[in-house]
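Colleague: Just to be clear, the model below is a prediction. Sequence and coordinates:
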Amino acid sequence: MKIRAAVLAQSGVARPYAQSRPLAIREVELAPPGPGEVLVRIRAAGLCHSDLSVISGDRPRPLPMVLGHESAGEVVETGPGVGRLRAGDRVVLVFMPSCGCCLPCAEGRPALCEPGAAANSAGTLLSGERRLATPAGEPLNHHIGVSCFADYAVVSERSCVRLEGETAEISHAEAALFGCAVLTGAGAVINTARVQAGTSAAVLGLGGVGFSALLAAVASGARTVVALDLNDDKLALARELGATHTVRADAPDAAEQVHAATAGGVDHAFEMAGAIPALELAWAITRRGGMTVSAGLPHPTKRFALPPVQLVGEERTLRGSYIGSAVPVRDIPRYIGLYRQGRLPVDRLMGEQLPLERINEGFDRMATGHALRDVVLP
């Protein structure tokens, strides 16, 4: 079938993207779903920094590619062997398909699925196939198993979380955010760090993922929540959402301010900016015996100088968190439940709703650091 899709042919194009237009809205061919795959009508797709990193070249991916990985929609058609989904189901798409058979999956860590990671790196679906092509028949790569900046997408059924009962009552635009921003940010707090009531936390980088982490820290009962960012408007919003302290991340004495506010540092510091200076600051504001969690994914060539004597002598922990250490079929309904109870006000993070034709403009907004979570409605 013919669909409209945002195709990235070259990374590293100069900004502003509204003029250089790295994402071209084109008519492409989408093949029917194969075994274990489903055709999804995309209803909403969030703009994420991970997409921007592919556009800028900070995160190398095989090109040309149909971009997008955070979305919600409806199943239209199922391929052979699909058992748990049917046409009409509302779904949130997840950017790490889990095979269910490899060692990480068997250990209950589907975010680390080995075949899923290999397929994502290769630009294919979990099956190893590509269902996207140009009108001339040249293959197009899938973006981490989803490619949702389009009218429709063929994905593995293992990239889908079905919304049932009360979870299906939220809008598609709201549901899309749970596929990446909330899953990653809230999961880093709840699953990776397991923040407990009465502890202290700091979040560096207030994008969609960082704000989701802040909301989860507040919901978990952290007594002190420090928000750090370069944008004063975002810091003001952080205070409205429950941050007890806010600090400009570029202040020369940022670490000293956090130490003073928390009597020596926080129990948990979450780096969500994807930048080495942010990770260094997160490490600097973590107390003795505390945990620094990084979910920001800086450029793969970047390095962080870790002082081993501090790691040992202060019994410090440095942990990575990918997709919030999530079990998506468990966590997405839980987080939506918290949202419906008013304990995880994800709607406060939503920015503009844009047509697909304005997607380059949306990434300009993100690159400035001012945007919240803009959503494309294909």
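Modeller: All right, it came through fine. Numbers count the residues shown, from 1 in each chain.
Colleague: Would you mind measuring from the nearest residue to residue 128 once chain neighbours are set aside to residue 158?
Modeller: The shortest distance from residue 128 to any non-neighbouring residue, by CB to CB, 6 or more residues apart in numbering, is to residue 119 (6.5 Å). In this view, the C-beta of every residue, glycine as well, is placed from N, C-alpha and C. Distance from residue 119 to residue 158, counting by CB to CB, to the nearest Å: 10 Å.
Colleague: hey, what's in contact with both of these two?
Modeller: Counting by CB atoms under 8 Å, 6 or more residues apart in numbering, the common neighbours of residue 119 and residue 158 are 97, 126.
Colleague: Okay, strands next: where are they in the stretch 51-200 of the chain?
Modeller: 65-66, 70-78, 90-93, 132-133, 139-142, 152-156, 160-163, 200-204 (DSSP state E, counting those that start in this stretch).
Colleague: closest to residue 228 out of these?
Modeller: Shortest separation from residue 228 across those is recorded for strand 200-204, at 4.6 Å, computed as CB to CB.
Colleague: Out of the strands of the stretch 51-200 of the chain, which is the most enclosed?
Modeller: Comparing those on average neighbours per residue, with mean count of other CB atoms under 10 Å, the densest one is strand 200-204 at a mean of 30.
Colleague: just to revisit the earlier point, show me the contacts for the residue nearest to residue 128.
Modeller: Contacts of residue 119 were listed using CB under 8 Å, 6+ apart, and they are 97, 125-128, 145.
Colleague: what number of residues lie near residue 165?
Modeller: Residue 165 is flanked by 8 other residues according to other CB atoms under 10 Å.
Colleague: related to what we said a few turns ago, Throw the strands of the stretch 51-200 of the chain into TSV and include mean pLDDT, thanks.
Modeller: Shown next, in TSV, are those (pLDDT from 0 to 100):
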stretch	mean pLDDT
strand 65-66	98
strand 70-78	98
strand 90-93	98
strand 132-133	98
strand 139-142	98
strand 152-156	98
strand 160-163	98
strand 200-204	98
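Colleague: Identify, from the contacts of residue 119, the entry nearest to residue 49.
Modeller: The closest of the contacts of residue 119, once distances to residue 49 are taken by CB to CB, is residue 145, at 18.1 Å.
Colleague: Tell me the pLDDT of that closest one.
Modeller: Residue 145 is assigned 97 on the pLDDT scale.
Colleague: Over to residue 83?
Modeller: At residue 83, pLDDT is 89.
Colleague: mind checking how far stretch 277-295 is from the chain centre?
Modeller: On the basis of CA atoms, centre = their mean, to the nearest Å, stretch 277-295 sits 20 Å off its chain's mean C-alpha point.
Colleague: buried sites along it?
Modeller: 278-283, 285-287, 290-295 (16 or more other CB atoms under 10 Å).
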